[in-house]
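In: return a 3D structure for these sequence lines:
(chains A, B, C and D)
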Protein chains: 2
Amino acid sequence: MTGLSDLAAAPQPSRARRGEGDRTRQAILRAAEELLIESGSQEQVNIRAVAERVGLTPPAIYRYFSDKDHLLFEACGQYFDDFEDEVINPVLRTTDDVIEALRRIAEGYVRFGLHHPEHYRIMFMLHHDHTPEQYADDRVVETGSFGSTAALVQRGVATGQLRGDLDVAALTWALWAGLHGLVALAVAKPNMPGPPIDQRVAAMIDVLMDGAAPR
Amino acid sequence: MTGLSDLAAAPQPSRARRGEGDRTRQAILRAAEELLIESGSQEQVNIRAVAERVGLTPPAIYRYFSDKDHLLFEACGQYFDDFEDEVINPVLRTTDDVIEALRRIAEGYVRFGLHHPEHYRIMFMLHHDHTPEQYADDRVVETGSFGSTAALVQRGVATGQLRGDLDVAALTWALWAGLHGLVALAVAKPNMPGPPIDQRVAAMIDVLMDGAAPR
DNA sequence: CTGTTCAGCTAACGCTGTTCAGTTAACACG
DNA sequence: CGTGTTAACTGAACAGCGTTAGCTGAACAG
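Out: Numbering: from 1, shown residues only, chains lettered A, B, ... in the order given. Sure, this is the predicted structure:
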């Protein structure tokens, strides 16, 4: 056992220095995420495996995370915080057309989910008993991503590009839920037969956008 | 411990008779399902709890089910086998209109899922590593329910009631995935704010059906 | 040098799904 | 009625999990 070799490049630091607990914390998060991506299953990301990868013993993890759920959600949450910057904002910056913006955000959302399937599972498909407070159900819709999209839908309704006979919130929900269904099915049942995923994505977005348009 | 008192109404049968293993099997399934409904969480349905409820010891379960996943899926599968008889067939029997039929099936699907949330989780939202072969991904779309719906969509396309510019399979997928997203979100994040569930269901079905209609 | 505190370890608990080897009870047959 | 067979079941245990209690040692402040 080399000690915290993964933590810093120092030769043989037997432990982190006084104020460097945050560095250990980040190392734990990184190890958990690596395990999540490598194994593709949250169950493989167990405390002992994470501890071993960081070069610690299992109880040391609990100095930084209250339990496994918090560790897992925080590891995944980092990704989803990036969604607004990586997908939504670029789209908003490069187009003023509501329809085009929504289509591109939809594509980005699906791509994002399919690219991080296990992250997606943990964030959106886990039993809510396992969801830490800071990621509670009601917090999800308070994210900038949801707000930005809702604002976009509202603008579309105002300009007549989207149907006005439905509650704006309900319409936004429908669009999101539709995309979520696509991703969730692909994540949970990746071996389903049927049209290739790209075709399914295209069809879903077509149906949703046409369904959201005025008749 | 009264023995298999839940199994039969007999006074004190200390164990099942020679050929009555199937009865024990059914009792185990029933106990598992009861626990699932009562606790609302698959984790609470552990082998020891199931065994205790049936009046057996844990190892006895493994004489009837190879592991917990098989037990859980079989307990849930019973419900979904009923879906075709309870929802789809009555609809097909009482209407010839494709649009109306699809709308009513959609409503039935959502209602069905929301009424058995934990069953729905296990069947459609679990990691596929935990899915027994007999419930494998590719089997899902081979169910009568999916086939009936696909046939309905096909008929709608043929009669011009549904859009013909998309692959029929892809269109069916989109409709299903949309409903799945609604149910999956409600199941996983039941405390989300936003419009009441009935309004969300109505909006989703409106969007999907309008999106599936020819323009 | 001394007291404090952070960082981490050792050991263990309780729970889980699961297995192995043995036991009991029901039945068929001579 | 006794005896062999076998289905049904038990007791004890294993390995793995998340987690906790209590201790140790290094790092720093005074």
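In: low-confidence stretches in chain A?
Out: A:1-14, A:17-21 (pLDDT under 70).
In: tell me, what residue is most central in it?
Out: By CA atoms, centre = their mean, chain A has its centre lying nearest to A:F80, at 3.9 Å.
In: I'd say that one and A:H119 touch.
Out: Yes. Here A:F80 reaches A:H119: they are 7.4 Å apart, a contact under CB atoms under 8 Å. Backbone N, C-alpha and C define where each C-beta goes, glycine included.
In: regarding chain A, what is its longest helix?
Out: helix A:168-188 (DSSP state H).
In: just checking, what packs against the helix or strand that comes right after that one?
Out: For helix A:168-188, the succeeding helix or strand toward the C-terminus, using DSSP states H and E, is helix A:197-212. On a contact count with 3 or more CB pairs under 8 Å, 6 or more residues apart in numbering or on different chains; DSSP states H and E, helix A:197-212 meets helix A:98-115, helix A:168-188, helix B:168-188, helix B:197-212.
In: contact partners of helix A:197-212?
Out: Residues outside helix A:197-212 that contact it (CB atoms under 8 Å, 6 or more residues apart in numbering or on different chains) are A:99, A:102-103, A:106-107, A:110, A:114, A:153, A:156, A:162-163, A:171, A:174-175, A:178-179, A:182, A:186, A:194-195, B:163, B:166-167, B:170-171, B:173-175, B:177-178, B:206-212, B:215.
In: secondary structure class of A:R15, three-state.
Out: Classification of A:R15 using DSSP: H, G, I helix; E, B strand; the rest coil returns coil.
In: distance of A:D22 relative to chain B?
Out: 31 Å (CB to the nearest CB, to the nearest Å).
In: that residue sits in which helix or strand?
Out: Using DSSP H and E, A:D22 falls within helix A:21-39.
In: may I see the buried residues of the next helix or strand after that helix?
Out: Sequence order places helix A:47-54 as the next helix or strand after helix A:21-39, per DSSP H and E. Across helix A:47-54, burial judged by 16 or more other CB atoms under 10 Å in any protein chain shown covers A:47, A:50-51, A:53-54.
In: which ones among those also lie next to DNA strand C?
Out: Restricting these to those adjacent to DNA strand C (criterion: CB under 7 Å from any atom of the strand) gives A:A51.
In: between the buried residues of helix A:47-54, which is closest to DNA strand C?
Out: Taking CB to the nearest atom of the strand as the measure, DNA strand C lies nearest A:A51 of these, at 6.9 Å.
In: rewinding a little: restrict the contacts of helix A:197-212 to those near DNA strand C?
Out: Checking these against DNA strand C by CB under 7 Å from any atom of the strand, not one of them is in range.
In: and the residues you listed, which are buried?
Out: A:99, A:102-103, A:106-107, A:110, A:114, A:153, A:156, A:162-163, A:171, A:174-175, A:178-179, A:182, A:186, A:194-195, B:163, B:166-167, B:170-171, B:173-175, B:177-178, B:206-212.
In: so what are the domain limits for chain A?
Out: Using automatic domain parsing, the domains assigned to chain A come out as A:1-65, A:68-212.
In: which one of these lies nearest to B:A75?
Out: B:A75 sits nearest to domain A:68-212 of all those, at 17.1 Å, using CB to CB.
In: stretch A:23-38 and DNA strand D in contact?
Out: No. Judged by CB under 7 Å from any atom of the strand, stretch A:23-38 and DNA strand D are separated, with a smallest distance of 10.2 Å.
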